[in-house]
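**Student:** Using only what follows, build the 3D model:
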Amino acid sequence: MKAYLLSFFNRTSANQFMRLAVIGGLNTVLDFVLANVFKAGLGFSSQVSVVLAFTTATGASYLMNRRFTFLITDGKKSMRETAAFFLVNGFALAVTSGFVALAELWFGDNLAAFNGAKVAATVLVLFPKFAGYRDLVFRRSLSNDARS
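**Tutor:** Okay, here's the model as predicted:
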């Protein structure tokens, strides 16, 4: 376990995490804009808004993280890689949906509670998502980076 945790404290992981943070920031903005458009602009329920926005942002995230965070450019997307990416993000979606549901229960159906819950969930799942992307989804990038 110690060796695994230490594997996050090297130049390769630090560079990947910084790139992930930039791409994650862009996708978070996309997710929040779409979620608010679906909820406030189009009148969808909170859960439908979360799922639609999250799914759209996740697709963009997959493409950008594959290319820019983990530097996989060969164009050979495997079913395992894609399924693992959506599995990791399914966990994040479940956490986000749960936070939004709790926020509505505690604070009512309002945009401040909705967005606050989304921020809290985003922060909570940041490191687990990075670990999942690095170790489950784009694991072949570890051997690519070891060669550089």
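
**Student:** Which neighbouring elements make contact with the longest helix along the chain?
**Tutor:** In the chain, assigned by DSSP state H, the helix with the most residues is helix 79-107. Other elements packing on helix 79-107 under the criterion 3 or more Cβ pairs under 8 Å, 6 or more residues apart in numbering; DSSP states H and E are helix 46-64, helix 111-132. From N, CA and C alone the C-beta is placed, and that goes for glycine too.

**Student:** would you turn those into a markdown table with mean pLDDT, distance to residue 29 and mean neighbour count?
**Tutor:** Shown next, in a markdown table, are the helices and strands packed on helix 79-107 (pLDDT from 0 to 100; distance: least, Cβ to Cβ, whole Å; neighbours: other Cβ atoms under 10 Å):
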| stretch | mean pLDDT | distance to residue 29 | mean neighbour count |
| --- | --- | --- | --- |
| helix 46-64 | 90 | 9 | 18 |
| helix 111-132 | 90 | 11 | 17 |
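
**Student:** for those helices, which one sits closest to residue 15?
**Tutor:** helix 111-132 (12.1 Å; Cβ to Cβ).

**Student:** got the angle for that closest one vs helix 79-107?
**Tutor:** 150 degrees (axes from the mean of the first three to the mean of the last three Cα atoms, to 10 degrees).

**Student:** And helix 111-132, what does it pack against?
**Tutor:** helix 11-36, helix 79-107.

**Student:** chain center to the last one, what's the gap?
**Tutor:** Right, helix 79-107. 9 Å (Cα atoms, centre = their mean, to the nearest Å).

**Student:** oh, and call the first residue 38 from now on, that's how I've got it
**Tutor:** Let's use 38 as the start, then, which means that last one is helix 116-144.
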